[in-house]
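Asks: Build me a structure from this.
(2 chains)
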Amino acid sequence: MSHELTWLLVAIPAVSAAILLLGGKATNKWGHLLGTAASLASFVCGVLLFVQMQGLHDEERSETVRLFEWFTVGNVKVDFTLLIDPLSILFVLLITGVGSLIHIYSIGYMEHDVRRRRFFAYLNLFVAAMLLLVLAADYLLVFVGWEGVGLASYLLIGFWQHKTSAAVAAKKAFVVNRVGDIGLSLAVMSMWGLFGSSAFASVNAGAEGMSSTWATLVGLMLLLAACGKSAQVPLQSWLLDAMEGPTPVSALIHAATMVTAGVYLVVRSHAIFEMSETASTAVVIVGTVTALAGAIIGTAKDDIKKALAGSTMSQIGYMMLAAGLGPAGYVFAIFHLITHGFFKANMFLGAGSVMHGMNDDVNMRHYGALRIPMKITFVTFAFGYLAILGIPPFAGFFSKDKIIEAAFAHNPVIGLCALLGAGITAFYMTRVMLMTFMGKKRWADDVHPHESPKVMTIPLIILAALSLGGGALYFAGHWIEHWLEPVVGVEEEHPPLPAIAMTAITLAVVAVGIVIAVAKYRRDIPREAPAGSPLTVLARRDLFGDALNEAVLMRPGQYLTRTLVWLDNRGVDGLVNGLAALFGGLSGRLRRFQTGFVRSYALSMVFGAAFVVVALLAVRLS
Amino acid sequence: MIGLILPAADFVAPKIEYTELMPMLVVFGAACVGVIAEAFLPRALRHVAQLAITVVAILAAGVLTGLLINDNKELIAAQGAIAVDGPALFTWMILLALTLISVLLFAERSLDGGLSAFASQAAAVPGSEAEREGTAARIEHTEIFPLTLFAVGGMMLFASANDLLVLFVALEVFSLPLYLLCGLARRRRLISQEAAMKYFLLGAFASAFLLFGIALLYGYAGTMSLGGIADTLGKNTGGETILLAGTGLVGVGLLFKVGAVPFHNWTPDVYQGAPTPVTGFMAACTKIAAFIGLMRVFYVALGGTRWDWAPMMWVVAILTMVVGSIVAITQTDVKRMLAYSSIAHAGFLLTAFVGLAQAGSGVHNGITSTQAVLFYLVSYGFSTIGAFAVITLVRDASGEATHLSRWAGLGKKSPLLAGIFAFFLLSFAGIPLTAGFTGKWAVFSAAWSGGAWPLVVVAVLSSLVAAFFYVRVIVLMFFSDLPADAPDVALPGWQTTTAVALGLAATVVLGLVPGPVLDLAARAGEFIR
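Replies: Alright, predicted model coming up:
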């Protein structure tokens, strides 16, 4: 494979971001075009690499590209090395492919924003960092990309910084992610301690000999990192607020790519998780809990983007769950990650298109009957809807069904939870569909919904097609299984019931979800949200996630800082000021010896000379 | 007439190693040429001619010194009177470089209406008609250039004197021109003359101590040569009281020049009164010459009795650091503040000096005291001249505005100038990435490896106190409001610009890549006898 293509993948968007950020206003005119071109160029590189890879044998498809020695400290040597293999190339294609579509879409979406050039610079920065994350061959380099996407995410969530809510949301995302980042940095340090290196090759080779305690510890650290980036319980709270960012950002970063980095990390670290039952079980539990929590939150949100965000949480929960199942689940985790990237980006962009026509109103209670003025958006959204529900032959059917099967094979309780989650998903997605596109119009008179321009609808159509056809990755001869087998291994697990029965049950549960939703939202929907049952309130308030954070972390933290400030004011400042006063006073007194009279200077010299001679004699005589 | 012819055998022409002494001879020779030029050249030409003579002489001497360093010359020249060894050559090189910068500052004429910083006629009574006439006629004292050359020649000799008598002569040769230079300020002439007078009186007093000490040492050892004294120490001939008294008094004379407490009182008054370029020259070059002279005498001649004098030097070092740092806190004049800061720096240098004496001269791992002191002197010298050069630029109608309150808000008026000054202050404070940090690290680690860790502790604490008053000035410059009557920042001529740039460049480079100069200082090796 071509080395140049590999590093160009990362370099092109990085250079473009640098040009756009440093070029300033001079690049305003063509900034969005350069940004889009850079993303497309990266995509072309990815495709070329992918094609080259097709012609190779399984074992030849992994190639490390060592660019330069990054640094050496003591015994630890870190190279700037990229790894291109079947797993990373899938991510590359997803990131640059969906990324390019979203770049194109943004040209239309951000048309009237004075800071559009900056927006594209940040998007490019994100693409570069995300590619570095998935192409790095060393955990430390992963960390660089990890922080890079965190930065890009922060900048883009807070892109409309004039809104306090956006600024606060960006800050929240940054702080919560920081908690997760501690996990990754601790894991890297542990790897240096255990293996003397953080390169994938050394870690994979050394993992076999790890003690189970260390495997558990490192696994949990990595899980913490994954929770932060992928908005898994307990670090989920930032994702819903992150919807303050422009909608293309929500689609690219907070649905299709960045938030799946945690899943990538777990799958990439399979060697460590396979050594520790505890760590992989923790992954399964986190995934299951999040899958349900996200789905429940999604049921009560009136903000279309927040409903979709809850759904994202939930779907990533499924991926996590699968990733925790070991070799039986890795492939399906990645498979679902890709199909989810298609259909969720599709729906987010659809939501953006709706907002575009509705004067940026996000409240679904103000929508209704949009199927008529926005036909393309409606149809493409419907494709995404059918895909996430898992209706055959849409992409989600293949990926989600497989995860539920694997979950049942692993543990019936987990399987039931996954099944339940599918039902809730059907419920809340149907709700979104009904409230937005069906029923009667509820929008105000001064709103004139209209279809979005072509530059926005064409990406929608492409993504809709992918939502439909993405399943081909699997049903075409289990291609994705064979493709990923050299990297993560594959293991067939047999569910307690035949696959066809499992599929039937799943579809039945989904149908129940749809029916309940239709029954509930078929009628007129009030423009103002009703009070709702305690369960609804619970879901609306994100299962009290923020309240919990506030009570457990924020309040004690505030008390701690207040105490420290008090101590600082009283104790430390007192000490310091006292010392300063002491020295100042001393200085004031000592300066009086400087009288300005030569005679007194001479006298002090005489005393000094006497002291010197006496001191010398005293030392000798003593 | 036969009786008048001396027998040929009685007189042996002294052997003079002209090659090795050539740098000094060039400087002294150029000084004499300068005096002649002063007498014969028309007034209009003198400034340019003197500047040219001085600069050429310094450059030539520098090149010659460089050649000697390159050849690794080490010998006792002039019948045992002068030691041309690694430290001496290194010191010559620094002295010449710093003198070059100082001479540029002396030659600056664009700051004060086309006139230099020196009085038109030193003999005219301040405020008199004669003074006004002199100024109106644009008369200048171009003698400052030969005086400077004499001073720097004397300093070079002082740093390499291998004989107490030569040491004394060298001391006078460099001191007398300095007394004169101090009294030549164009502005604030009374305080300048007062400074010169004080410096002269106290300097004479210290010379007397030194001379008496030399006499006592001669009485003990029967020789003036440093090597000879060292040999006598080993023989245990008795008469230790005379030896110790002599050691003490010689120490007083040398510590006076270094500016160590309690012989420091002259420093603030003289630094404040002298013309600022001269202050910079003195603060940098005198300190260097005096320190190397001090180390040579105490290491070479008196190394055998270091257990006797080390405790006294410990006390002096501690006093110097503590008093210098603490008294600087309440200073209100920039020049006085820097004077106390220079006292504190003398204390830091003394820690390295005493450190090695404690352990004996066998420190192979790490940094030797000589190396540390040499490096510190380089870094301190460049920062000091640079800082004083900056001070010459902040002016109001009455000349330089040296009161600290006048510096408030300077960072808003001239961010570049204030930034450069702040950088020099940070270097003095020993903040990492400046030359001062590397220098402090070098002297402290030398003292530490020599076993003088209590001194290092005191030194670090003193640095902490010192950092306060340095940073205070920075805060004053950048975080205070600019008053309406703020002084102007004069536009410097090429001379001051070059001087500041050189000082800044050295401070930056020595902070970022100290390796080469540290290596050079290490290559200088130890004093020879």
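Asks: Report the contact partners of the residue nearest to A:A529 when sequence neighbours are not counted.
Replies: Once flanking residues are discounted, A:A529 sits nearest to A:D302: 5.6 Å by C-beta to C-beta, 6 or more residues apart in numbering or on different chains. Every residue, glycine included, has its C-beta placed from N, CA and C. Residues in contact with A:D302, defined by C-beta atoms under 8 Å, 6 or more residues apart in numbering or on different chains, are A:363-365, A:435, A:529.
Asks: Okay, buried residues for the helix or strand B:A506 falls within please.
Replies: Assessed by DSSP states H and E, B:A506 sits inside helix B:494-512. Residues B:495-500, B:502-504, B:506-508, B:510-511 are the ones in helix B:494-512 that count as buried (16 or more other C-beta atoms under 10 Å in any protein chain shown).
Asks: Where do the strands of the stretch 351-500 of chain B begin and end?
Replies: Ranges of strands within the stretch 351-500 of chain B are B:394-396, B:399-400, B:488-489, based on DSSP state E, counting those that start in this stretch.
Asks: Give me the next element, helix or strand, following the helix holding B:A506.
Replies: helix B:515-523.
Asks: Okay, domains of chain A per the record?
Replies: A:1-275, A:298-530, A:553-621 (the TED database).
Asks: any chance of those in JSON lines, plus mean pLDDT and distance to B:N162?
Replies: Converted to JSON lines, the domains of chain A look like this (pLDDT from 0 to 100; distance: least, C-beta to C-beta, whole Å):
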{"stretch": "domain A:1-275", "mean pLDDT": "91", "distance to B:N162": "48"}
{"stretch": "domain A:298-530", "mean pLDDT": "89", "distance to B:N162": "77"}
{"stretch": "domain A:553-621", "mean pLDDT": "87", "distance to B:N162": "23"}
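Asks: In the stretch 401-550 of chain A, which residue sits nearest chain B?
Replies: Per C-beta to the nearest C-beta, the residue of the stretch 401-550 of chain A with the smallest distance to chain B is A:E550, at 37.1 Å.
Asks: State the number of residues packed around that residue.
Replies: For A:E550, the neighbour count with other C-beta atoms under 10 Å in any protein chain shown is 14.
Asks: Could you do B:V56 as well?
Replies: 12.
Asks: So it lies in a strand, does it not?
Replies: No - membership of B:V56 in a strand is not supported by DSSP: H, G, I helix; E, B strand; the rest coil, which gives helix.
Asks: Contact partners for it?
Replies: Contacts of B:V56 (C-beta under 8 Å, 6+ apart): B:A30.
Asks: what does B:S120 give?
Replies: Here B:S120 is in contact with B:131, B:134-135, B:137-141, B:186 (C-beta under 8 Å, 6+ apart).
Asks: What helices and strands are in contact with the lengthiest helix in chain B?
Replies: Identified as the longest helix of chain B according to DSSP state H is helix B:189-221. Packing contacts for helix B:189-221, counted by 3 or more C-beta pairs under 8 Å, 6 or more residues apart in numbering or on different chains; DSSP states H and E, involve helix A:598-621, helix B:164-182, helix B:226-235, helix B:240-258, helix B:266-273.
Asks: what's the most buried one of those?
Replies: Ranked by mean neighbour count under mean count of other C-beta atoms under 10 Å in any protein chain shown, the helices and strands packed on helix B:189-221 are led by helix B:266-273, which reaches a mean of 26.
Asks: what mean pLDDT does that helix have?
Replies: Helix B:266-273 shows a mean pLDDT of 94.
Asks: residues near the residue nearest to A:A173 when sequence neighbours are not counted, how many?
Replies: Sequence neighbours aside, A:W238 is the residue nearest to A:A173 in space, at 4.1 Å (criterion: C-beta to C-beta, 6+ apart). Applying other C-beta under 10 Å, we find 25 residues neighbouring A:W238.
Asks: Which positions within the helix or strand where A:D546 lies qualify as buried?
Replies: Element membership for A:D546 (DSSP H and E) is helix A:545-549. Buried residues in helix A:545-549, counted by 16+ other C-beta under 10 Å: A:545, A:549.
Asks: List the contacts of whichever helix or strand comes after it.
Replies: Going down the chain from helix A:545-549, the next helix or strand is helix A:555-567, by DSSP H and E. Residues from elsewhere that reach helix A:555-567, judged by C-beta under 8 Å, 6+ apart: none at all.
Asks: Only the buried residues of helix A:555-567, if you could.
Replies: Result for helix A:555-567 [16+ other C-beta under 10 Å]: no buried residues.
Asks: and the next element down the chain from that helix?
Replies: Using DSSP H and E, the first helix or strand after helix A:555-567 is helix A:573-590.
Asks: Show me what that next one packs onto, helices and strands only.
Replies: helix B:306-329, helix B:453-479.
Asks: now the angle between helix A:555-567 and it, please.
Replies: Here the directions of helix A:573-590 and helix A:555-567 differ by 20 degrees (axes from the mean of the first three to the mean of the last three C-alpha atoms, to 10 degrees).
Asks: sorry, back to before: which of the buried residues of helix B:494-512 sits closest to chain A?
Replies: After measuring those against chain A - C-beta to the nearest C-beta - the closest member comes out as B:G511, at 22.3 Å.
Asks: residues in contact with that closest one?
Replies: Neighbours of B:G511 in contact, by C-beta under 8 Å, 6+ apart: B:379, B:427, B:432-438.
Asks: mind redoing it with 10 Å?
Replies: B:379, B:383, B:423, B:426-427, B:431-439 (C-beta atoms under 10 Å, 6 or more residues apart in numbering or on different chains).
Asks: Also A:V606?
Replies: Contacts of A:V606 by C-beta under 10 Å, 6+ apart are B:205, B:209, B:252, B:262.
Asks: tell me which residues of the longest helix of chain B are tucked away?
Replies: Buried residues in helix B:189-221, counted by 16+ other C-beta under 10 Å: B:189, B:192-203, B:205-207, B:209-218, B:220-221.
Asks: Now do the contacts for residue 248.
Replies: Using chain A. A:99, A:101-110, A:119, A:123, A:156, A:345, A:348-349, A:352, A:456, A:459.
Asks: that answer is for a different chain, and I need it for chain B
Replies: A:609-617, B:209, B:213, B:216, B:308-309, B:312.
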